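Build me a model:
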Amino acid sequence: MFSSLLQISGVPFRLDDLLALAIIAAAIFGCAAHFFREIIYGRRGQRWNMIFEQIERYDKIQIVIHWVFLALLLGLFITGLFIYKMDYFLDASPQIASVGLRNWVAYHWYFSIAVINIGIFHIIYDSLIIRKFREAWVSRRDITNMKAIIQNFTARTKEYPRLEKLHPMQKMFHWATFVNIFLLGFTGLTIWEPFQGFIQASGLGAFNDWLYIFKSRFLHDILTFTLVGLIIGHFYFSTLIPTNWKVFRGIIYGRLKLEEEVDQKKQPETTNA
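Take a look at the predicted model:
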């Protein structure tokens, strides 16, 4: 009974449920370990402040893109989960199963197209229209700041560097998410039936089995739950760490609070953690 619940997709070369749960558990464990070090053991619940040089965070279009992108990813995950576990939903939720596997695949595809479109618009808008794409690049200063942040986290120093606009880990998260979603799109494309037909018509049919069964479908599942782990970490750092609340406010209102701007002008280059 238990083993049947753990692997009920019934499709060969798909991600085992235990591995999927292990990826999510690893993300939750990492957040819990950080919370214990940062809040309970390290700072002991005391509020501390990160100093940013830029008060302006995002404009209205960037904010809308962020939340629409998140909603589309949620839609992709839900429809993908129904596809991944359709055998389970046949018994657990006949309403979901009655929609049909082919229809859920179609909805998943529509969400994929929407994510691609908004992703392209996001890149064009940030790089060509407002010319702020360079703010996402990891600079030498970010590397230097990251070393200081690690030393602060490991209690080797009480100093915390002044940040420009984005935390170095925030930049790394965005690039990790970009690579993950790009690979999700590629592996999803290779298991899409029309693409399989294109491969066959191109005389590359020998690669069909390799792409569809042995590699892409399995990798697509791993990348999916890796993305879930990244999103869990993103929500944790955005909402559960007090010093990041003002950064979370920035993705809603576009800027830090005015009183924080005044405080920053009075702060030295480094601040005690």
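
Residue 58: neighbouring residues, count only.
By other CB atoms under 10 Å, 20 other residues sit near residue 58. In short, each C-beta sits where N, CA and C put it, glycine included.

Contact partners for it?
Contact analysis of residue 58 by CB atoms under 8 Å, 6 or more residues apart in numbering lists 66, 250-251, 254.

what do you get for residue 253?
By CB under 8 Å, 6+ apart, residue 253 lies in contact with nothing.

And it, its phi and psi?
As for residue 253, its main-chain torsions (degrees, to the nearest 10) stand at phi -100, psi -10.

same deal with residue 55?
phi -80, psi -40.

Tell me, what's the model's pLDDT at it?
According to the prediction, residue 55 has pLDDT 82.

what does residue 204 give?
For residue 204, pLDDT reads 66.

So residue 23 sits against residue 224, correct?
No: contact between residue 23 and residue 224 fails when scored by CB atoms under 8 Å: they sit 9.3 Å apart.

Give the residue from the two that has the larger number of neighbours.
Shown here are residue 23 and residue 224; by other CB under 10 Å, residue 224 has more neighbours (22 against 19).

okay, now the residue lying closest to that one once chain neighbours are set aside: neighbour count?
Once flanking residues are discounted, residue 224 sits nearest to residue 80: 6.1 Å by CB to CB, 6 or more residues apart in numbering. By other CB under 10 Å, the residues close to residue 80 number 21.

Relative to residue 53, how far out is residue 80?
From residue 80 across to residue 53, the span is 40 Å (CB to CB, to the nearest Å).

Likewise for residue 234?
Residue 234 sits 23 Å away from residue 53, going by CB to CB.

which of the two has more neighbours?
residue 234 (15 against 9).

Would you map the helices across the stretch 151-273 of the chain?
168-190, 193-201, 208-209, 217-239, 245-253, 258-266 (DSSP state H, counting those that start in this stretch).

Indicate which one of the ones you listed is closest to residue 38.
Each of the helices of the stretch 151-273 of the chain was scored for nearness to residue 38 using CB to CB, and the closest is helix 217-239 (9.9 Å).

who's in contact with the closest one?
Outside helix 217-239, the residues that reach it (CB under 8 Å, 6+ apart) are 11, 13-15, 19-20, 23-24, 26-28, 30-31, 34-35, 73, 77, 80, 84, 169, 173, 176-177, 180-181, 183-184, 187-188, 191, 244-245, 247-248, 251.

thinking again about what came up before, okay if I get the helices of the stretch 151-273 of the chain as CSV plus mean pLDDT and distance to residue 135?
Shown next, in CSV, are these (pLDDT from 0 to 100; distance: least, CB to CB, whole Å):
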stretch, mean pLDDT, distance to residue 135
helix 168-190, 90, 9
helix 193-201, 71, 35
helix 208-209, 62, 42
helix 217-239, 91, 18
helix 245-253, 85, 13
helix 258-266, 50, 18
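
now these in CSV, with distance to residue 104?
Output for these, formatted as CSV (distance: least, CB to CB, whole Å):
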stretch, distance to residue 104
helix 168-190, 14
helix 193-201, 14
helix 208-209, 23
helix 217-239, 15
helix 245-253, 31
helix 258-266, 46
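
Compare those and report which one is nearest to residue 59.
Closest of those to residue 59 is helix 245-253, at 11.2 Å (criterion: CB to CB).

Run the angle between the closest one and helix 217-239 for me.
Angle, helix 245-253 to helix 217-239, by axes from the mean of the first three to the mean of the last three CA atoms, to 10 degrees: 110 degrees.

and helix 245-253, which residues are buried?
Using 16 or more other CB atoms under 10 Å as the test for burial, helix 245-253 gives 246-247, 250.

all strands of the chain, in order?
Along the chain, the stretches classed as strands by DSSP state E are 159-161, 270-272.

what's the least confident stretch among the ones you listed?
Minimum mean pLDDT among the strands of the chain: strand 270-272, a mean of 41.

pLDDT score assigned to the closest residue to residue 162 other than its chain neighbours?
Of all residues not flanking residue 162 in the chain, residue 51 sits nearest, at 4.7 Å (CB to CB, 6+ apart). Residue 51 is assigned a predicted lDDT (pLDDT) of 80.
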